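> Next comes the sequence, and after it the predicted model I'd like to discuss.
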Amino acid sequence: MHNVHVDQIEATRAKAEQDPKGAALPVHLEGEWRADESKPQFGGTVKFPQGEVVFEADFPPFLGGEGRAPTPLAYCFYGAMCCYGATFATQAAVAGIAIEGLRIKLDAGVDFRTSLGLGEFPPMEEFVFEVEVDTQASDEEVQKVKKLADERCPAIWAMRNQVPHSTTVRKT
């Protein structure tokens with residue numbers, strides 16, 4: 001339904017009922033800082049089931065880059081926007097609510113004063129997602145899907161909850 005394979009989701013759900021790992025997606029990413037001033041500052045290959053793509057990032061000039069590629073945070077923000085949109089479309093499909101189209105916008109802001117050593121300031125402003133959905137469904141059904149997307153989107157969960165993390169650095 002609308003480019004969501006509900007049968008695959010149902011198979012995954014059944015598998016995960018028996019084994020929690022059946023619904024897990026391991027993520028392993030690698031990238032490198034580039035000292036070559038003719039290239040964007042950072043790059044790495046991202047692999048997916050049907051191929052791979054090179055992601056490149058460069059800070060804007062006011063943060064020491066050249067702006068030759070999206071900022072690292074643009075990927076994070078795009079990922080959050082895409083995750084919410086995909087979750088909305090998926091939840092609609094699973095609920096049997098057909099959509100003909102979906103557009104999503106995200107507005108957010110970043111304050112880099114802490115990164116610049118100017119003190120402690122919250123770096124992130126509110127994320128404002130706006131979804132426009134083309135559907136014959138009722139407003140009530142659309143709001144039901146919104147509620148499910150709000151509850152089930154991993155990106156929204158990560159914004160509500162502290163995600164465990166660790167960092168290590170070693171000299172080579």
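Cool, got the structure.

> gap between the longest helix along the chain and the chain center?
Assignment by DSSP state H gives helix 72-94 as the longest helix of the chain. On the basis of Cα atoms, centre = their mean, to the nearest Å, helix 72-94 is displaced by 5 Å from the centre of the chain it belongs to.

> contacting residues for the residue nearest to the spatial centre of the chain?
The central residue of the chain, meaning the one whose C-alpha is nearest the mean C-alpha position (Cα atoms, centre = their mean), is G79 at 2.1 Å. The contact partners of G79, taken as Cβ atoms under 8 Å, 6 or more residues apart in numbering, are A155. Placement of C-beta: from N, CA and C, glycine included.

> Now that we're looking at it, what pLDDT does it have?
pLDDT, the model's per-residue confidence, is 97 for G79.

> how close does it get to G101?
With distances taken as Cβ to Cβ, to the nearest Å, G79 is found 21 Å from G101.

> swap in V110?
V110 sits 30 Å away from G101 when distances are taken as Cβ to Cβ.

> Likewise for K47?
29 Å.

> what does P26 give?
Plainly put, P26 is 32 Å away from G101 if you go by Cβ to Cβ.

> Which one's more surrounded, the two?
Neighbours of P26 and G101, each counted by other Cβ atoms under 10 Å, are more numerous for G101; the result is 10 against 5.

> Am I right that that one is in a strand?
Yes - when the secondary structure is assigned by DSSP: H, G, I helix; E, B strand; the rest coil, G101 falls within a strand.

> Now do the strands in this protein.
32-33, 42-48, 51-57, 99-107, 128-135 (DSSP state E).

> show me the contacts for T90.
With Cβ under 8 Å, 6+ apart as the criterion, the residues that contact T90 are V4, I9.

> Revised request: answer the last question for V4.
Counting by Cβ under 8 Å, 6+ apart, V4 makes contact with A89, T90, A92, A93, V94.

> Could you tell me the model confidence score at the first one?
Which is A89. Predicted confidence (pLDDT) at A89: the value is 98.

> Who are the contact partners of it?
Taking Cβ under 8 Å, 6+ apart as the definition of contact, the neighbours of A89 are H2, N3, V4, I99, L102.

> how deep is the first one tucked in, by neighbour count?
What that stands for is H2. 16.
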